[in-house]
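J.: just need the structure, nothing else, for what follows:
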Amino acid sequence: MDQEIKNIELSIICGESWEAMQPVAQGRHCNKCNRKVIDLTNSSQLELEKAQTENPNGFCGSFRLSQTLYSRAAATLLLAAGLSFSANVLKAQTPADSSKLKLEHTTDKDPIVFGGMPIMPTYKHGGEEGLLKFLAKNISIEDLDIYGTVYVNFTIDTLGNVINPKILRGIHPTADNEALRVVKLLQFTPGIENGRKVEVVYNIPIKFRR
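T.: Numbering: from 1, shown residues only. Sure thing, here's the model as predicted:
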(Lines give C-alpha, C1' and ligand atoms only; values in the text may rest on other atoms or scores of the structure.)
Protein backbone atom coordinates (compact mmCIF):
# COMPACT_ATOMS: atom_id res chain seq x y z
CA MET A 1 0.00 0.00 0.00
CA ASP A 2 1.33 3.43 -0.98
CA GLN A 3 2.40 5.70 1.86
CA GLU A 4 0.05 8.57 2.64
CA ILE A 5 1.13 12.17 2.25
CA LYS A 6 2.04 13.65 5.62
CA ASN A 7 3.65 16.75 7.13
CA ILE A 8 3.62 18.91 3.98
CA GLU A 9 4.98 22.39 4.62
CA LEU A 10 3.81 24.97 2.09
CA SER A 11 6.06 27.89 1.20
CA ILE A 12 2.98 30.08 0.72
CA ILE A 13 -0.70 29.60 1.46
CA CYS A 14 -2.80 30.77 -1.47
CA GLY A 15 -5.68 33.16 -0.90
CA GLU A 16 -7.36 32.62 -4.27
CA SER A 17 -10.75 30.97 -4.53
CA TRP A 18 -10.61 27.27 -5.42
CA GLU A 19 -14.16 27.40 -6.80
CA ALA A 20 -13.25 30.28 -9.12
CA MET A 21 -10.38 28.36 -10.73
CA GLN A 22 -10.92 26.60 -14.04
CA PRO A 23 -11.03 22.77 -13.72
CA VAL A 24 -8.24 21.06 -15.67
CA ALA A 25 -6.66 17.60 -15.68
CA GLN A 26 -5.16 16.76 -12.27
CA GLY A 27 -6.46 19.94 -10.64
CA ARG A 28 -7.41 23.50 -11.49
CA HIS A 29 -5.86 26.46 -13.29
CA CYS A 30 -5.20 29.68 -11.38
CA ASN A 31 -5.59 32.67 -13.70
CA LYS A 32 -3.84 35.03 -11.28
CA CYS A 33 -0.59 33.04 -11.32
CA ASN A 34 -1.25 31.39 -14.71
CA ARG A 35 -0.31 27.97 -13.37
CA LYS A 36 -1.90 24.67 -12.49
CA VAL A 37 -2.82 23.82 -8.91
CA ILE A 38 -2.39 20.06 -8.66
CA ASP A 39 -5.06 18.29 -6.63
CA LEU A 40 -3.21 15.98 -4.20
CA THR A 41 -5.95 15.65 -1.58
CA ASN A 42 -6.37 11.93 -2.31
CA SER A 43 -2.86 11.14 -3.55
CA SER A 44 -0.01 9.05 -2.16
CA GLN A 45 3.55 10.05 -1.28
CA LEU A 46 4.73 8.48 -4.56
CA GLU A 47 2.32 10.65 -6.53
CA LEU A 48 3.57 13.73 -4.67
CA GLU A 49 7.19 12.81 -5.50
CA LYS A 50 6.18 12.32 -9.15
CA ALA A 51 4.66 15.81 -9.20
CA GLN A 52 7.86 17.23 -7.71
CA THR A 53 9.97 15.47 -10.35
CA GLU A 54 7.76 16.68 -13.18
CA ASN A 55 7.80 20.25 -11.86
CA PRO A 56 11.44 20.99 -10.97
CA ASN A 57 10.75 24.73 -10.67
CA GLY A 58 8.10 24.23 -8.02
CA PHE A 59 4.32 23.98 -8.18
CA CYS A 60 1.13 24.73 -6.34
CA GLY A 61 -0.90 21.93 -4.82
CA SER A 62 -4.18 21.33 -3.06
CA PHE A 63 -3.93 19.32 0.19
CA ARG A 64 -6.17 18.24 3.01
CA LEU A 65 -5.29 20.06 6.21
CA SER A 66 -4.41 16.73 7.85
CA GLN A 67 -1.73 16.17 5.18
CA THR A 68 0.13 19.30 6.24
CA LEU A 69 2.11 20.44 9.26
CA TYR A 70 -0.68 22.85 10.09
CA SER A 71 -2.94 21.57 12.86
CA ARG A 72 -6.41 22.99 13.42
CA ALA A 73 -4.94 25.10 16.21
CA ALA A 74 -2.32 26.45 13.80
CA ALA A 75 -5.06 27.09 11.25
CA THR A 76 -6.80 29.25 13.83
CA LEU A 77 -3.63 31.32 14.11
CA LEU A 78 -3.67 31.80 10.34
CA LEU A 79 -6.97 33.60 10.71
CA ALA A 80 -5.23 36.42 12.53
CA ALA A 81 -3.13 36.93 9.41
CA GLY A 82 -6.22 37.54 7.29
CA LEU A 83 -7.19 34.01 6.27
CA SER A 84 -10.35 32.08 6.98
CA PHE A 85 -11.94 28.77 6.13
CA SER A 86 -15.12 28.93 4.11
CA ALA A 87 -16.70 25.94 2.39
CA ASN A 88 -13.60 23.95 3.41
CA VAL A 89 -11.28 26.14 1.34
CA LEU A 90 -8.75 28.61 2.69
CA LYS A 91 -9.50 32.05 1.29
CA ALA A 92 -7.97 35.48 1.77
CA GLN A 93 -9.84 38.29 3.46
CA THR A 94 -8.81 41.90 3.77
CA PRO A 95 -7.33 43.08 7.08
CA ALA A 96 -10.44 45.22 7.55
CA ASP A 97 -12.49 42.03 7.83
CA SER A 98 -10.17 40.38 10.38
CA SER A 99 -12.58 40.98 13.26
CA LYS A 100 -15.25 38.96 11.45
CA LEU A 101 -13.08 35.93 10.71
CA LYS A 102 -14.29 32.54 11.88
CA LEU A 103 -13.37 28.91 11.33
CA GLU A 104 -16.13 26.98 9.59
CA HIS A 105 -16.85 23.34 8.75
CA THR A 106 -13.84 21.92 10.60
CA THR A 107 -15.47 19.33 12.83
CA ASP A 108 -17.13 17.04 10.32
CA LYS A 109 -14.80 17.45 7.35
CA ASP A 110 -11.11 17.82 6.69
CA PRO A 111 -10.55 21.38 5.39
CA ILE A 112 -8.53 21.94 2.23
CA VAL A 113 -5.52 24.22 2.02
CA PHE A 114 -3.61 25.03 -1.14
CA GLY A 115 -0.42 26.85 -1.88
CA GLY A 116 3.16 26.65 -3.14
CA MET A 117 5.42 23.66 -2.59
CA PRO A 118 9.09 24.54 -1.97
CA ILE A 119 11.76 22.60 -3.86
CA MET A 120 14.69 21.50 -1.73
CA PRO A 121 18.26 21.53 -3.07
CA THR A 122 19.58 18.30 -4.58
CA TYR A 123 23.13 17.14 -5.17
CA LYS A 124 23.91 17.81 -8.83
CA HIS A 125 25.59 14.50 -9.57
CA GLY A 126 23.07 11.81 -8.77
CA GLY A 127 20.95 13.17 -5.95
CA GLU A 128 21.17 11.59 -2.52
CA GLU A 129 22.73 8.39 -3.81
CA GLY A 130 25.36 10.33 -5.73
CA LEU A 131 26.09 12.43 -2.65
CA LEU A 132 26.73 9.34 -0.52
CA LYS A 133 29.04 7.89 -3.18
CA PHE A 134 30.97 11.17 -3.43
CA LEU A 135 31.48 11.34 0.33
CA ALA A 136 32.56 7.70 0.53
CA LYS A 137 35.05 8.20 -2.29
CA ASN A 138 36.57 11.48 -1.13
CA ILE A 139 36.62 11.29 2.67
CA SER A 140 40.01 10.00 3.81
CA ILE A 141 42.13 10.21 6.97
CA GLU A 142 45.27 8.27 7.84
CA ASP A 143 44.48 7.83 11.54
CA LEU A 144 42.30 4.70 11.65
CA ASP A 145 41.66 5.18 15.37
CA ILE A 146 39.41 8.15 14.61
CA TYR A 147 35.85 7.03 14.00
CA GLY A 148 32.35 8.34 14.53
CA THR A 149 29.99 10.82 12.87
CA VAL A 150 30.72 14.47 12.17
CA TYR A 151 27.68 16.72 11.70
CA VAL A 152 28.24 19.64 9.32
CA ASN A 153 25.98 22.65 8.83
CA PHE A 154 26.19 24.87 5.74
CA THR A 155 24.14 27.08 3.45
CA ILE A 156 23.43 26.28 -0.20
CA ASP A 157 23.28 29.59 -2.07
CA THR A 158 21.20 30.50 -5.11
CA LEU A 159 23.92 29.16 -7.42
CA GLY A 160 24.02 25.80 -5.66
CA ASN A 161 27.37 26.45 -3.98
CA VAL A 162 28.20 25.56 -0.37
CA ILE A 163 28.87 28.60 1.80
CA ASN A 164 29.58 29.11 5.51
CA PRO A 165 30.22 25.46 6.42
CA LYS A 166 30.71 24.78 10.13
CA ILE A 167 30.88 21.82 12.48
CA LEU A 168 27.74 21.24 14.51
CA ARG A 169 29.17 18.26 16.33
CA GLY A 170 32.67 16.96 15.77
CA ILE A 171 34.72 13.99 16.90
CA HIS A 172 38.34 15.07 16.35
CA PRO A 173 40.06 18.07 14.68
CA THR A 174 41.48 15.84 11.93
CA ALA A 175 38.09 14.35 11.04
CA ASP A 176 36.31 17.68 11.45
CA ASN A 177 38.68 19.44 9.05
CA GLU A 178 38.41 16.62 6.52
CA ALA A 179 34.62 16.81 6.64
CA LEU A 180 34.73 20.55 6.03
CA ARG A 181 37.19 20.11 3.15
CA VAL A 182 34.95 17.65 1.32
CA VAL A 183 31.70 19.52 2.01
CA LYS A 184 33.19 22.60 0.32
CA LEU A 185 33.51 20.54 -2.88
CA LEU A 186 29.79 19.74 -3.10
CA GLN A 187 27.57 21.31 -5.74
CA PHE A 188 23.77 21.38 -5.64
CA THR A 189 20.84 22.49 -7.70
CA PRO A 190 19.50 25.41 -5.63
CA GLY A 191 16.28 25.37 -3.64
CA ILE A 192 13.23 27.10 -5.06
CA GLU A 193 10.50 28.85 -3.13
CA ASN A 194 7.62 30.80 -4.66
CA GLY A 195 9.22 30.28 -8.07
CA ARG A 196 12.53 31.88 -7.05
CA LYS A 197 15.90 30.42 -6.16
CA VAL A 198 16.60 30.78 -2.45
CA GLU A 199 19.37 30.05 0.03
CA VAL A 200 18.72 26.94 2.11
CA VAL A 201 20.40 25.85 5.35
CA TYR A 202 21.48 22.22 5.18
CA ASN A 203 22.80 19.72 7.73
CA ILE A 204 24.66 16.55 6.79
CA PRO A 205 26.17 13.68 8.83
CA ILE A 206 29.54 12.33 7.65
CA LYS A 207 30.61 8.99 9.04
CA PHE A 208 34.21 7.96 9.67
CA ARG A 209 34.72 4.22 10.06
CA ARG A 210 37.70 2.16 11.13
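J.: please pull out the lowest mean pLDDT helix or strand from this structure.
T.: Between all helices and strands in the chain, the lowest mean by mean pLDDT, DSSP states H and E belongs to strand 89-92, at a mean of 32.
J.: which element follows that one toward the C-terminus?
T.: Counting by DSSP states H and E, the element after strand 89-92 in chain order, helix or strand, is strand 112-117.
J.: could you point out the helix or strand that follows that following strand?
T.: strand 122-123.
J.: now the helices: where do they sit in the protein?
T.: Along the chain, the stretches classed as helices by DSSP state H are 45-54, 72-79, 127-138, 173-183.
J.: would you list those helices in JSON lines and tack on distance to G15?
T.: All C-beta spots, glycine's among them, are computed from the backbone N, C-alpha and C. As requested, those are arranged in JSON lines below (distance: least, C-beta to C-beta, whole Å):
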{"stretch": "helix 45-54", "distance to G15": "22"}
{"stretch": "helix 72-79", "distance to G15": "11"}
{"stretch": "helix 127-138", "distance to G15": "34"}
{"stretch": "helix 173-183", "distance to G15": "40"}
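J.: and those, which one averages the lowest pLDDT?
T.: Across those, helix 72-79 has the smallest mean pLDDT, namely a mean of 50.
J.: find the nearest non-adjacent residue to L185, please.
T.: N138 (6.9 Å; C-beta to C-beta, 6 or more residues apart in numbering).
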